[in-house]
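>>> Need a 3D model of the sequence below.
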Amino acid sequence: MAAAGETPLSQANYSFGRPWPELNEGLSYTDTFRCADAETTTTLIEFYSENYKSSAPLPGWIHRIRNGQITADGQVITDPDMILREGSKLVYNRLAWQEPFAPHLLQVLYEDEDMVALNKPSGLQVLPKGLFQQRTVLAQLQWKEWKMPPSSCLKRKNVQSHPVPVHRLGRGTSGLLLCAKTKLAKVRLASYFAEGAINAGKKRDETEVGKERKISKFYRALVTGILENNEDVVTQPIGLVHYPRVAEGLYVACSSGKPAMSKVCVLERLVHQNQSLVQVEIHSGRPHQIRIHLAYIGHPLVDDPLYGIGGQPKFDDLESSSTDVSFAYDGGYERPLQPVPGDCGYHLHAHWLVLCHPTTNKMLKIIAPLPHILQTREERCGQQVDA
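Residues are numbered from 1 along each chain as shown. Below is the predicted model:
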């Protein structure tokens, strides 16, 4: 919902979503082979096993080739030892698969000609990645028929065929997700988020005095332990480290990482459960920032399967599974035993935000209703009275 007295809604508080098909449509990956040395030869299996180690082990790539999943210049190739020609067009066809469970309904909290704000459920990925290539917020945005602005606005605002997310939310994180309907809104909203990341690296007095931020984001989280201070500011940088089966690496608390800033405010101390309910305002938007920052100060999110105290992964032996050559039915790696960033279970909700509208420049506040477990006693009592 939008706060009273703010920019009025054109449509709000309705849900949409199409049930997921049993199987997705599979994927195709295209490469053009370029030979680095004219004196040497490269076979098909050498090309894929060396360039795409993170996708499958050597036996997995042999399985995919012999299964007829790779073409060269339009011809299916089943011989792993075929020698590649310079300029050959290679296509790997990933078989359709059943993606893990994910909710499909999305609630619209705010909508106008330029943007839409969604309430994303926990367990739904925003953009395609890994096992989730179809069961994403983006797919539901593409499938829905959207009300478009008047024709007089189309050219001026460069309206897109569907809204697109302009920031990230982890798969296990619920709550507010902003999406842009027009290219103009996309550019401006993205710049708001980028500005916050830049300011996170500056001294506090440089960013907070005499300058109004274009967007402020507030999250609600349930953490382990009892925080001593009512308020805390965490400025620990966040960077990437090697982590098995995560090709791009894992984001952790890292002194050589990028600047990040989170302001933590205690809302309620649940002494008997040894837990605290906190509000977190983030100035930057590093991946998994809140999970990492709260773990860094000794209070990981309750039931977070990945991050432990210090903002590091709980899984100690990071090399034990890196040499495992087992592969799934399509030749890819089996799901790793250790937790990965997309695993859910923690309680984190993008609760509300205040932003400067990308075209009207009016200040707008949008609120995503809280899950019951993240409500204070006072909020739960208030709901019971209203009911």
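
>>> Select the longest helix from the protein.
Assignment by DSSP state H gives helix 183-199 as the longest helix of the chain.

>>> Which neighbouring elements make contact with that one?
Counting contacts by 3 or more CB pairs under 8 Å, 6 or more residues apart in numbering; DSSP states H and E, helix 183-199 is packed against helix 151-157, strand 159-165, strand 174-182, strand 215-224, strand 348-356. The C-beta positions use only the backbone N, C-alpha and C, and glycine is treated the same way.

>>> now the stretch 201-350 of the chain, which segments are flagged as low pLDDT?
Scanning the stretch 201-350 of the chain with the threshold set as pLDDT under 70 gives 201-211, 316-327.

>>> mind running it again at 50?
For the stretch 201-350 of the chain, applying pLDDT under 50 flags the ranges 206-207, 209-210, 322-324.

>>> ranges for the strands of it?
215-224, 231-234, 238-241, 250-253, 262-270, 275-282, 307-308, 312-313, 348-356 (DSSP state E, counting those that start in this stretch).

>>> JSON lines for these, including mean neighbour count?
JSON lines is the format used below for these (neighbours: other CB atoms under 10 Å):
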{"stretch": "strand 215-224", "mean neighbour count": "22"}
{"stretch": "strand 231-234", "mean neighbour count": "16"}
{"stretch": "strand 238-241", "mean neighbour count": "18"}
{"stretch": "strand 250-253", "mean neighbour count": "22"}
{"stretch": "strand 262-270", "mean neighbour count": "18"}
{"stretch": "strand 275-282", "mean neighbour count": "21"}
{"stretch": "strand 307-308", "mean neighbour count": "22"}
{"stretch": "strand 312-313", "mean neighbour count": "20"}
{"stretch": "strand 348-356", "mean neighbour count": "22"}
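
>>> export those strands to CSV and tack on distance to Glu334?
Shown next, in CSV, are those (distance: least, CB to CB, whole Å):
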stretch, distance to Glu334
strand 215-224, 30
strand 231-234, 36
strand 238-241, 23
strand 250-253, 19
strand 262-270, 35
strand 275-282, 34
strand 307-308, 23
strand 312-313, 19
strand 348-356, 28
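
>>> what's the closest of these to Glu378?
strand 262-270 (8.5 Å; CB to CB).

>>> Pairing partners for the closest one, with directions?
strand 231-234 (antiparallel), strand 275-282 (antiparallel) (DSSP bridges).

>>> Can I get that strand in CSV, CA atoms only?
The C-alpha coordinates for strand 262-270 follow below in CSV (Å, rounded to 0.1, in the frame of the first residue of the first chain):
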residue,chain,number,x,y,z
SER,A,262,23.7,-0.9,7.0
LYS,A,263,21.9,0.9,9.8
VAL,A,264,20.5,-1.5,12.4
CYS,A,265,17.7,-0.5,14.8
VAL,A,266,16.4,-2.9,17.5
LEU,A,267,12.6,-3.1,17.5
GLU,A,268,12.1,-5.8,20.1
ARG,A,269,14.3,-8.1,22.2
LEU,A,270,12.8,-11.6,22.5
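
>>> Pull the distance from it to the chain's centre.
Relative to the chain's own centre, strand 262-270 is displaced by 24 Å; criterion: CA atoms, centre = their mean, to the nearest Å.

>>> swap in stretch 217-235?
21 Å.

>>> what does stretch 173-181 give?
11 Å.

>>> what pLDDT, on average, does that stretch get?
The average pLDDT within stretch 173-181 is 97.

>>> What is the burial count for the closest residue to Pro103 other than its chain neighbours?
Of all residues not flanking Pro103 in the chain, Pro121 sits nearest, at 4.4 Å (CB to CB, 6 or more residues apart in numbering). Other residues near Pro121 come to 18 when the count uses other CB atoms under 10 Å.

>>> Quick check on Pro121: phi, psi?
According to degrees, to the nearest 10, the main-chain angles of Pro121 amount to phi -80, psi 150.

>>> do the same with Thr136
According to degrees, to the nearest 10, Thr136 has phi -140, psi 160.

>>> before we move on, the earlier item: which one, of the strands paired with strand 262-270, ends up nearest to Tyr52?
Per CB to CB, nearest to Tyr52 of these: strand 275-282, 34.3 Å.

>>> about what we covered before: tilt between the longest helix of the chain and strand 348-356?
Helix 183-199 runs at 110 degrees relative to strand 348-356, counting by axes from the mean of the first three to the mean of the last three CA atoms, to 10 degrees.

>>> chain center to helix 183-199: distance?
17 Å.
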